[in-house]
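1. A predicted structure for the sequence below; I have some questions about it.
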Amino acid sequence: MPAVREPAFYTVSDAKFLTLFFASLGLYLVYWSWRNWRRYQRATGANVSPLARGLLPLFFTHALLFRAEDLLRERGMHSIEPPERWANRFVAATVLGLLFNGMARNDIGYPLTDLGCLAMLVVQGLAVCKGQQLLNFAADDPLGESNSRLHWVDYLCLVPGVLVWLFILLAYWADSA
C-alpha cells in the first residue's frame, strides 16, 4: 500500500476554529500557527522553524497564507480572494488590540478601550478563520471536515479560556454593581 501523505497545512472546520479561538481569547493561534508551519515543513522540507513561527503568528501569517496560495497555483488553481486581505486584517486588528489593551491597563478610555479589545479579538478571529479556509482548500479539505470535532485535548484548552471569560464577566458585573 502506498503511504498516505500528510497535507501541507493543518485543516480545521470554521466552527471548531472559532470555538477554540474565542474560548481561548485568541491563544489558540499559537498552536494553530505552530501546527500549520510544522505540517508545511514536513510536507515540503522547507527550512522553517515551526516553533518560532508558531509563537509569533503576527509576523508569519502572511507568509503562511502566501505559501498556501503558491501551492494552489502549482495545481493550476487560485483562491477567490487575495490572501493578504485576511492577513492584513489580522495584523491590523492585532496591533489595534494591543494598543487598546495598553490603554485599558492604564485606565485610559474605560470602558471603550476594553470594548475595543474585544472588538479587535472578533476581527482577528474572523480574519484568520478566512485564512484557514484557504489553508483547508490547499490541503484538499475545503470544509475542514477531517478536523471538525472537538477532542479531549481541545476540551483541555477550552477550560482555562472559559474560566478567564468567567472572570472577565464577573469583573464587569462587580464593577457595575
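-> Good, I have the coordinates.

2. now the residue nearest the centre of the chain: closest residue in space, sequence neighbours ignored.
-> Residue closest to the average C-alpha location in the chain (C-alpha atoms, centre = their mean): residue 29, at 4.0 Å. What sits nearest to residue 29 in space, not counting adjacent residues and going by C-beta to C-beta, 6 or more residues apart in numbering, is residue 57, at 4.9 Å. Heads up, the C-betas are built off the backbone N, CA and C, glycines and all.

3. what are the buried residues along the top helix by length along the chain?
-> Identified as the longest helix of the chain according to DSSP state H is helix 112-138. For helix 112-138, a neighbour-count test (16 or more other C-beta atoms under 10 Å) marks 113-114, 116-117, 120-121, 123-138 as buried.

4. now stretch 86-97
-> Neighbour-count burial for stretch 86-97 [16+ other C-beta under 10 Å]: 86-87, 89-91, 93-94, 96-97.

5. what about those residues, which are in helices?
-> 86-87, 89-91, 93-94, 96-97.

6. could those go into TSV alongside distance to residue 104?
-> Formatted as TSV, those follow (distance: C-beta to C-beta, whole Å):
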residue	distance to residue 104
86	26
87	26
89	21
90	20
91	20
93	16
94	15
96	12
97	10
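
7. looking only at pLDDT, what's the mean for stretch 116-130?
-> If you average the pLDDT over stretch 116-130, you get 96.

8. so how far is that stretch off the chain centroid?
-> Offset of stretch 116-130 from its chain centre (C-alpha atoms, centre = their mean, to the nearest Å): 9 Å.

9. what do you get for stretch 47-65?
-> That offset, for stretch 47-65, works out to 12 Å (C-alpha atoms, centre = their mean).
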